[in-house]
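**Student:** any chance you could fold what I've pasted below:
(chains A and B)
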Protein chains: 2
Amino acid sequence: MPDWLDQLKWDSDGLVPAIAQDHQSGAVLMLAWMNRQALELTLEQQRAVYWSRSRQKLWFKGEESGHAQLLQEIRIDCDADVVLLQIEQLGGIACHTGRRRCFFRVLKNGEWQLDEEIIKNPSEIYR
Amino acid sequence: MPDWLDQLKWDSDGLVPAIAQDHQSGAVLMLAWMNRQALELTLEQQRAVYWSRSRQKLWFKGEESGHAQLLQEIRIDCDADVVLLQIEQLGGIACHTGRRRCFFRVLKNGEWQLDEEIIKNPSEIYR
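**Tutor:** Residues are numbered from 1 along each chain as shown, chains lettered A, B, ... in the order given. The predicted model follows:
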């Protein structure tokens, strides 16, 4: 195990949250989770690899949709328990709903309002 | 309890991760955690209030340092289990190490390298 991986503080499930930020626009696209292997593979393959908590397996982002995230930079925070990725989002769609980013709901007047258009219908993304 | 708070998917500890992004520069400053009360107070007080997992109490960001985060916007992601705040960072320092942001370590040549200057010495921030 590389030394740089040992310096992270993995939680009791062996995970850390990883934020994906568009390296050009600066938009925060999504947050997912990584275990050691996912982070190691992210560096090796130069694309975001997460750990799917719902499926309990590695998630090679874009393997189905084609919307892979090409790695530009990896950072960690002061507590070494959060990862921040700068990525290039292929297809311009990070969210499984077909939107640019997962943060498409904003709080206005006491309710969550949707303000990001659906670029591509999920039924066309996941065939 | 307001309806908008019920729509979040709080984890088994009653928490969600919350990302603080500088509303002007787009820089991701930090990630901390919120419980229902913290998020409700964030809206009420129009400044970031987190839940400190280490201290197990509400953390009114900036209460000691003065480096409060004034709220500009609250978003949630597609799974409703991550919060994204747009904030104005008072003092231009989000990190307890005296740096602009907590993500001051970048992976280069297999090691974490520091690339953010210390704007203010922590001993001067926390007296």
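
**Student:** make it CA atoms for all contacts and neighbour counts henceforth
**Tutor:** Fine.

**Student:** the nearest residue to A:L114 once chain neighbours are set aside and A:E117: what is the separation?
**Tutor:** With sequence-adjacent residues excluded and distances taken as CA to CA, 6 or more residues apart in numbering or on different chains, A:L114 is closest to A:R105, at 4.6 Å. Here A:R105 is placed at a distance of 11 Å from A:E117 (CA to CA, to the nearest Å).

**Student:** do the worst-scoring helix or strand of chain A on mean pLDDT and chain B meet?
**Tutor:** When the helices and strands of chain A are scored by mean pLDDT, DSSP states H and E, helix A:122-125 comes last with a mean of 92. No. Counting by CA under 8 Å from any CA of the partner chain, chain B has no neighbours in helix A:122-125; the shortest distance is 13.3 Å.

**Student:** can I get that helix as PDB, trimmed to CA atoms?
**Tutor:** The C-alpha trace of helix A:122-125 is given here as PDB (Å, rounded to 0.1, in the frame of the first residue of the first chain):
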ATOM      1  CA  PRO A 122     -31.600   8.900 -18.300                       C
ATOM      2  CA  SER A 123     -33.400   6.300 -20.500                       C
ATOM      3  CA  GLU A 124     -31.000   7.400 -23.300                       C
ATOM      4  CA  ILE A 125     -28.000   7.300 -21.000                       C
END
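
**Student:** got a list of contacts for it?
**Tutor:** Residues outside helix A:122-125 that contact it (CA atoms under 8 Å, 6 or more residues apart in numbering or on different chains) are A:64-65, A:96-98.

**Student:** buried subset of those, written for ChimeraX?
**Tutor:** Per 16 or more other CA atoms under 10 Å in any protein chain shown, the buried members of the contacts of helix A:122-125 correspond to this ChimeraX selection:
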select /A:65,96,97,98
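
**Student:** of the contacts of helix A:122-125, which ones also sit close to chain B?
**Tutor:** Among the contacts of helix A:122-125, chain B is touched by A:T97 when using CA under 8 Å from any CA.

**Student:** could I get the contacts of helix A:122-125 as a markdown table with pLDDT?
**Tutor:** Supplementary listing: the contacts of helix A:122-125 in a markdown table, determined by pLDDT from 0 to 100:
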| residue | pLDDT |
| --- | --- |
| A:E64 | 91 |
| A:S65 | 93 |
| A:H96 | 96 |
| A:T97 | 97 |
| A:G98 | 97 |
